[in-house]
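In: Just need the structure, nothing else, for what follows:
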Amino acid sequence: MKPPFNADDVIACRTFDSEAGQVELHIHRPQPWRSDAVEREPDWICWYSILFPGGELKKHSAVGVDSVQAMLLGFASAAGDLRYVGDGTPTRRPSVRWLDSDNLGLTINHFE
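Out: Numbering: from 1, shown residues only. I've put the predicted structure just below:
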């Protein structure tokens with residue numbers, strides 16, 4: 001499946017601050033995604049893109065059993081991509097902040 005990296009498919013975006021400049025996260029509309037490895041209803045895929053200062057663009061996706069799970073996993077995966085280089089090492093990126101906090105606001109703690 002070709003990733004939908006156009007403005008019409010962006011359903012959420014957030015701008016973060018870093019020492020090198022602004023970092024932009026774009027979450028794209030989840031879409032049905034069929035894996036030939038399973039024989040059940042299609043899973044869902046949620047693509048996201050991150051534009052770092054200097055022009056580096058990361059495009060990744062997360063897959064879930066429904067569109068909500070795919071999107072939640074996309075947010076969690078994006079949080080990791082914002083903090084780590086992702087080259088197979090534990091190399092951290094320069095600090096990224098949102099609203100003057102290290103908490104990027106991409107995950108929700110469970111409340112009971």
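In: Note down every partner strand of the helix or strand bottoming out on mean pLDDT in the chain and its orientation.
Out: Across the helices and strands of the chain, mean confidence by mean pLDDT, DSSP states H and E is lowest for strand 31-33: a mean of 89. Note on strand 31-33: by DSSP bridges, its sheet partners are strand 43-51 (antiparallel).
In: pLDDT of the partner strand, averaged?
Out: Averaging pLDDT along strand 43-51 gives 94.
In: need the contact list for residue 49.
Out: By C-beta atoms under 8 Å, 6 or more residues apart in numbering, the residues touching residue 49 are 5, 25, 26, 28, 57, 58, 59, 60. For glycine as for every other residue, the C-beta is placed from the backbone atoms N, C-alpha and C.
In: give me every residue that touches the spatially most central residue of the chain.
Out: In the chain, the centroid-proximal residue (C-alpha atoms, centre = their mean) is residue 78; its distance is 3.1 Å. Contact analysis of residue 78 by C-beta under 8 Å, 6+ apart lists 25, 27, 48, 50, 60, 106.
In: May I ask you to confirm that it belongs to a helix?
Out: Yes - using DSSP: H, G, I helix; E, B strand; the rest coil, the secondary structure at residue 78 is a helix.
In: gap between the nearest residue to residue 21 once chain neighbours are set aside and residue 13?
Out: Nearest residue to residue 21 in three dimensions, chain neighbours excluded: residue 53, at 3.5 Å (C-beta to C-beta, 6 or more residues apart in numbering). Residue 53 is 16 Å from residue 13, where distance means C-beta to C-beta, to the nearest Å.
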